[in-house]
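Enquirer: here's a sequence, model it:
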Amino acid sequence: MVGFIGGCAGIPVRREIKEDRSLPVGKIEGSAFKGIRYPFKISLPSSRWKFFVEIPDFMEDLGFKKTGLEESKLFIINPMTKSNVQIDITPAGRRARFNQKVIQIITGTGARGLVEELKMAYGQDFEIEVSPTIPYKIKGVQYAAHKFVKYRLQETPVIHGWVYGFSEPYQIFIIYMILEKEGYDDKRDILMILDSFEVSSGLKP
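Expert: Purely as a prediction, here's the structure:
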């Protein structure tokens, strides 16, 4: 999907932006993380949650592929429940064009792939609830959309969702997984994390 977006044919609409991997992803300032390589900031909802810039060991056990995890710039984890948020900000291709309709179509395609993977792993009778694709507000982001699916892993209810957005010249990918456990309100916490996310040219170093 990312390759398709980056390689759309047509007249270039922006200069090429390259990731400077010599820069750190960002820095932790108390309960907040401020991007250095890319202009974003995000906050933790409580001390239960932690920032990681390396792939946490357990992520592959939850069904994520290492190649996909390697694209993420930042992980936000509740170590007690393993609920998690992955954030990737990627320069858009020179010819890629975006509007709200395109963003929602692309966001919706993620559900089909995930449902297929879950059915292959757990059988065609595996129960999955798929939400509608809806517009989503992110601070400093021109266009964004949100979608999620619900299912159970053994006896644990899971909400697996993603937000996809575009803020010139960046694509924003936020993937989250809520593993609902008694005594924790990770759904509320992740909504707070998403609400704290902000992209702004004023945040550039």
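Enquirer: which residues does residue 164 contact?
Expert: 103, 106, 107, 110, 144, 145, 171, 172, 173, 174 (Cβ atoms under 8 Å, 6 or more residues apart in numbering). In short, each C-beta sits where N, CA and C put it, glycine included.
Enquirer: ranges for the strands of this protein?
Expert: Under the criterion DSSP state E, strands of the chain are mapped to 26-29, 32-35, 40-43, 50-52, 74-77, 84-91, 129-130, 134-135, 143-153, 156-167, 170-179, 198-199.
Enquirer: output those strands as a markdown table; include the columns mean pLDDT.
Expert: Below are the strands of the chain laid out as a markdown table (pLDDT from 0 to 100):
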| stretch | mean pLDDT |
| --- | --- |
| strand 26-29 | 93 |
| strand 32-35 | 94 |
| strand 40-43 | 96 |
| strand 50-52 | 95 |
| strand 74-77 | 96 |
| strand 84-91 | 92 |
| strand 129-130 | 94 |
| strand 134-135 | 96 |
| strand 143-153 | 95 |
| strand 156-167 | 95 |
| strand 170-179 | 95 |
| strand 198-199 | 93 |
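Enquirer: wait, residue 174 sits on residue 197?
Expert: Yes. Counting by Cβ atoms under 8 Å, residue 174 does reach residue 197; the two are 6.9 Å apart.
Enquirer: tally of neighbours for residue 163?
Expert: 23 (other Cβ atoms under 10 Å).
Enquirer: got a list of what the nearest residue to it once chain neighbours are set aside touches?
Expert: The spatially closest residue to residue 163, leaving aside those adjacent along the chain, is residue 174, at 4.3 Å (Cβ to Cβ, 6 or more residues apart in numbering). Applying Cβ under 8 Å, 6+ apart to residue 174 gives the contacts 85, 86, 87, 88, 162, 163, 164, 165, 194, 197.
Enquirer: so the third one makes contact with residue 74?
Expert: This means residue 87. Yes. Counting by Cβ under 8 Å, residue 87 touches residue 74, with 4.5 Å between them.
Enquirer: so between those two, which is more surrounded?
Expert: Legend: neighbour count by other Cβ under 10 Å for residue 87 and residue 74, higher for residue 87 (23 against 20).
Enquirer: tell me who's in contact with the more buried one.
Expert: 40, 42, 72, 73, 74, 75, 76, 172, 173, 174, 197.
Enquirer: and the second one, what are its bridge partners?
Expert: In this structure, residue 42 has beta-bridge partners residue 33, where bridges are defined by DSSP bridges.
Enquirer: list residues touching both of residue 87 and residue 74?
Expert: residue 42.
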